[in-house]
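> Have a look at this fold, sequence not included:
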């Protein structure tokens, strides 16, 4: 395992930021780390990165415990915080050479050039960081996180404030890097998670509330109910739908359109089709609603907001 988190609790005074959080991430996984503002995501990432100590529990990265945060431990991790701390008066190459010096890496000029090419900074490499757009500053932040070739990459809101084109560029870069490294990605952009991540971990109010492969998102919610939208050629008595086996509720959302909620164990669509035949109705539209990650995230976290 690249990351093993066991029973992590973090308190700031009397306030509990994390409460008994446990999960593990295998080598080579790209994991979306989600939660509302204040859920404890950044705190957890800082603890894993060795910037904060936990109140209780344990963290291991590549077999090393975070209780003794050594240079060897830090070399395993590349960390890009939410607020990218760059020296705006420095030039890109100057800044990256400084980072190489901190890590005492061999062949510093080769390392700098290699990471500049990896992060697409070739055309900007001779500029001052303060002259760069937000997108290129994020690239510089990623470059410093990658320059020592870490096994684990932790990214906290890497695309915040970027325009759509910049988001796509950074997303593609993360996807490329994720082919060779373990990536833990925090973001509020659900499309980003669906495009990049193989797995989703969700925190809410300091507690882990969901952990699932991203291709099995409905399991996050437990699949207790299914929603079907149906439109007939004319209105029908809503009680006829409510009386169908497995229907939990039905509401009218148009002249002859209905939103039907049923038990997930029962596929209500054949019964709706039979009802239409019996009532001599024509079905104009019939679709099962897929919540997607954004809808599931809202369902999982709304009750405690």
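It's in. Computed from a predicted model, the values in this text were never measured in an experiment.
> Strands of the stretch 201-305 of the chain, start to end?
207-213, 225-232, 247-252, 257-263, 283-288 (DSSP state E, counting those that start in this stretch).
> quick one: which of those is nearest residue 297?
strand 207-213 (8.8 Å; C-beta to C-beta). C-beta coordinates here come from the backbone N, C-alpha and C atoms, glycine included.
> Can you list the strands that the closest one pairs with?
Using DSSP bridges, strand 207-213 pairs in its sheet with strand 199-204 (antiparallel).
> Mind checking the pLDDT average for the strand it pairs with?
Throughout strand 199-204, pLDDT has a mean value of 92.
> Also stretch 109-129?
For stretch 109-129, the mean confidence score works out to 93.
> picking up where we left off before, mean neighbour count for the strands of the stretch 201-305 of the chain - can I get that in CSV?
Below are those laid out as CSV (neighbours: other C-beta atoms under 10 Å):
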stretch, mean neighbour count
strand 207-213, 17
strand 225-232, 18
strand 247-252, 16
strand 257-263, 19
strand 283-288, 13
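> now the protein, which segments are flagged as low pLDDT?
215-224, 290-292, 303-305 (pLDDT under 70).
> All the helices of it, in order from the start?
41-49, 71-75, 92-103, 108-118, 134-146, 164-177, 190-196, 218-221, 238-242, 269-278, 292-301 (DSSP state H).
> Can I get these in a markdown table including mean neighbour count?
Shown next, in a markdown table, are these (neighbours: other C-beta under 10 Å):
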| stretch | mean neighbour count |
| --- | --- |
| helix 41-49 | 23 |
| helix 71-75 | 15 |
| helix 92-103 | 17 |
| helix 108-118 | 17 |
| helix 134-146 | 22 |
| helix 164-177 | 16 |
| helix 190-196 | 18 |
| helix 218-221 | 16 |
| helix 238-242 | 14 |
| helix 269-278 | 14 |
| helix 292-301 | 17 |
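> wait, which of these is closest to residue 85?
helix 134-146 (8.3 Å).
> and residue 203, how many residues sit next to it?
25 (other C-beta atoms under 10 Å).
> Phi first, then psi, for the residue nearest to it when sequence neighbours are not counted.
Nearest residue to residue 203, sequence neighbours excluded (C-beta to C-beta, 6 or more residues apart in numbering): residue 35, at 3.8 Å. Torsion angles at residue 35 (phi, psi; degrees, to the nearest 10) stand at phi 160, psi 160.
> list the contacts for residue 35?
The neighbourhood of residue 35, defined by C-beta atoms under 8 Å, 6 or more residues apart in numbering, consists of 41, 202-204, 301.
> quick one on the thing from earlier: right, and the helices of the chain - which one's nearest residue 18?
Nearest of these (C-beta to C-beta): helix 41-49, 5.9 Å.
> Packing partners of the closest one?
Secondary-structure packing of helix 41-49 (3 or more C-beta pairs under 8 Å, 6 or more residues apart in numbering; DSSP states H and E): strand 3-12, strand 15-25, strand 30-34, strand 56-61, strand 77-80, strand 152-156, strand 182-186.
> mind putting the helices of the chain in CSV, distance to residue 212 included?
Output for the helices of the chain, formatted as CSV (distance: least, C-beta to C-beta, whole Å):
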stretch, distance to residue 212
helix 41-49, 17
helix 71-75, 29
helix 92-103, 36
helix 108-118, 31
helix 134-146, 27
helix 164-177, 20
helix 190-196, 12
helix 218-221, 5
helix 238-242, 32
helix 269-278, 25
helix 292-301, 9
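> so which of the ones you listed gets nearest residue 23?
helix 41-49 (9.4 Å).
> So what sits opposite the spatially most central residue of the chain in the bridge?
Nearest residue to the geometric centre of the chain (C-alpha atoms, centre = their mean): residue 32, 2.8 Å. Taking DSSP bridges as the rule, residue 32 bridges to residue 185, residue 200.
> Now do the same contact list for it.
Residue 32 neighbours (C-beta under 8 Å, 6+ apart): 185-187, 192-193, 196-197, 199-201, 214.
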